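*Asks:* Sharing a model prediction with you, sequence too.
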Amino acid sequence: MISFSDANNREKMLNLDKNSLNATLSIQKNLNRQLLTFMKTYMGNVEINMNSNLDSKFFYYINTTVTMLSKSNYNIKQLQDLLITLNTLSENMKTHNYDNSINIEIENYNNQFSEALNSIYENTSSIEKFIHEISIINIPELLKEYSNEIAEEQIIKSDNSTISSDELNSSFIENTLIISDLQGKIILPYTIEKIKNILQNDKHNNYKSISDVIEKLYTKPIKYYKFSAIARFREAYNLMIKKEHTTKFKALCLASELFTNYNLHPAIITACESLDQLDIYLACLEDNTLDEFRFFDIKYEILPVMVTEQ
C-alpha cells in the first residue's frame, strides 16, 4: 500500500509494491502450473465413464482441482489488475505528483489492494493445502481403484439419433454433427453452400472436391476426444478464445465449469458456432428437451450389439 503522508517517497513505495506484486504473481503462476500438471497426470491415462459414481474419491480430486484452478485464476487476475492500476498511477504521478487527483488514485488503489489481498491470501491457503494433499496420494493406485469401479453399460441411443453406415457413406449430410464409433471419426456440421464457397475461394488449390473439404476441415478422429473431461476443457477454452474472442480468464472460467459436465460430449462444444448456441444446448440438455435444439442435428453411428441366440 502507498502512504498519503510521505509524498517524497511515493515513487519508492510504488516500486516496492510493484516488486512485491510481481513476486506474488510469480508464486501464483507456479501454483497454477502445479495444479495443471496434476490434472494432466491424473487425467491423462483414464477414460471417463459417464455412468461412474460422481461421489467417488476419483471425482473428488477432479472437482477439487477444478475449484482450486478457479481460485488460482482469480488470484492471478486480481494481481494483474493491481499491476495495471499501479502502472497507470506511476505514469500519472510523473506529471501530477502533488495534485489532489493523485491522492484519490492512491486511495482507490489502496482499497483495491486491501480487498484483493484478503481474497488472494485466503485462496492461496486453500490451494497450498490441496497441493500438499495431492503430493502424497498414490495416483496409480487411485486410478486402478477407479477403473475397478466402472460398470460397463451399453448406452442405447434412440432411433432418431442414430445413423447407418450406408447413409453415412452415400450422401452429404448437412448441418449435422455425426459421431461415428464404428468408423472412429466425428464429422462437424457443415452446409454445401459453405463448402462451395471454400472451394471457390481456394486460391492455393488445397482442396479437390466437396468430400476433400469435409475430410480436411470438418472431420476429426474420435480419439481427439478420447479423454472427455480434458477435451471439454480444451474445446470450451477454444470456443471462448477463437470464436468469442474473450479474455483468457473468461475462457478458463467456462472451461473449468464444463470440465465436469459428464453428460456433454466435447464434440458438441466444437460444433457450436457461439457461446449462445452452447448455452441453448446446455439448457435443452438440462431440461431434457434436446428436440428443441435447432442449430444442428446430432447423429450417432454406434457399434453393433452382439446378440447371443437362445
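*Replies:* Right, received. Where do you want to start?
*Asks:* Enumerate every residue touching the nearest residue to Pro266 once chain neighbours are set aside.
*Replies:* Leaving aside its chain neighbours, Pro266 sits nearest to Ala231 (3.6 Å; criterion: Cβ to Cβ, 6 or more residues apart in numbering). Any C-beta I mention is one placed from the backbone N, CA and C, and that applies to glycine too. Residues in contact with Ala231 (Cβ atoms under 8 Å, 6 or more residues apart in numbering) are Tyr224, Tyr225, Pro266.
*Asks:* Tell me the buried residues within these.
*Replies:* Tyr225, Pro266 (16 or more other Cβ atoms under 10 Å).
*Asks:* can you redo the contacts of Ala231 as TSV with distance to Gln277?
*Replies:* Shown next, in TSV, are these (distance: Cβ to Cβ, whole Å):
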residue	distance to Gln277
Tyr224	20
Tyr225	18
Pro266	15
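*Asks:* For my notes, please list the contacts of Ala231 in a markdown table and give distance to Glu215 and secondary structure for each entry.
*Replies:* Listed next are these as a markdown table, based on distance: Cβ to Cβ, whole Å; DSSP: H, G, I helix; E, B strand; the rest coil:
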| residue | distance to Glu215 | secondary structure |
| --- | --- | --- |
| Tyr224 | 14 | helix |
| Tyr225 | 18 | helix |
| Pro266 | 20 | helix |
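*Asks:* what's the distance between Lys40 and Cys284?
*Replies:* Using Cβ to Cβ, to the nearest Å, one gets 32 Å for the distance from Lys40 to Cys284.
*Asks:* Name the residue in those two with the higher neighbour count.
*Replies:* Set Lys40 next to Cys284 and count neighbours by other Cβ atoms under 10 Å: Cys284 wins out with 15 against 11.
*Asks:* In which helix or strand does the more buried one reside?
*Replies:* helix 275-287 (DSSP states H and E).
*Asks:* List every C-alpha atom in that helix, with coordinates, as PDB.
*Replies:* Presented in PDB, the C-alpha positions along helix 275-287 are these (Å, rounded to 0.1, in the frame of the first residue of the first chain):
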ATOM      1  CA  LEU A 275     -21.400 -19.300 -26.700                       C
ATOM      2  CA  ASP A 276     -25.200 -18.600 -27.300                       C
ATOM      3  CA  GLN A 277     -25.500 -21.900 -29.200                       C
ATOM      4  CA  LEU A 278     -23.700 -23.800 -26.400                       C
ATOM      5  CA  ASP A 279     -25.800 -22.200 -23.700                       C
ATOM      6  CA  ILE A 280     -29.000 -23.100 -25.500                       C
ATOM      7  CA  TYR A 281     -27.800 -26.700 -26.000                       C
ATOM      8  CA  LEU A 282     -26.900 -27.000 -22.300                       C
ATOM      9  CA  ALA A 283     -30.400 -25.600 -21.300                       C
ATOM     10  CA  CYS A 284     -32.100 -28.200 -23.500                       C
ATOM     11  CA  LEU A 285     -29.900 -30.900 -22.100                       C
ATOM     12  CA  GLU A 286     -30.700 -29.900 -18.500                       C
ATOM     13  CA  ASP A 287     -34.500 -29.700 -19.300                       C
END
